[in-house]
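1. Quick one: sequence plus predicted model below, questions after.
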Amino acid sequence: MASIGVMELVAYVQSAWRLEVKGEVIPETFDSINRIVAIVRHEQVQAFLRSLSSALDTSKPKSDGR
């Protein structure tokens, strides 16, 4: 797949699933539906874990230094 085609596919994946594809974007990463599904699942899990971590951080009682 040509580089422009890969970038168009990455843009579509990011837009359609509202996620940010991180890491190296190379044609081999997007050469099959199974790999694209794996990337989407991975990024969704990472986004969920970041939001969960953030929620847990804000729900912890603040230490007042005593």
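-> Cool, the structure landed.

2. remind me, longest helix of the protein?
-> Identified as the longest helix of the chain according to DSSP state H is helix 33-59.

3. So which bits of it are buried?
-> Using 16 or more other Cβ atoms under 10 Å as the test for burial, helix 33-59 gives 36, 39, 40, 43. Backbone N, C-alpha and C define where each C-beta goes, glycine included.

4. Report the rounded mean pLDDT for it.
-> Helix 33-59 shows a mean pLDDT of 91.

5. Would you point out which residue is most central in this structure?
-> residue 43 (2.7 Å; Cα atoms, centre = their mean).

6. if I look at the residue nearest to residue 36 when sequence neighbours are not counted, how far off is residue 10?
-> Using Cβ to Cβ, 6 or more residues apart in numbering and skipping residues adjacent in sequence, the residue nearest residue 36 is residue 30, 5.8 Å away. Between residue 30 and residue 10 the distance is 7 Å, computed by Cβ to Cβ, to the nearest Å.
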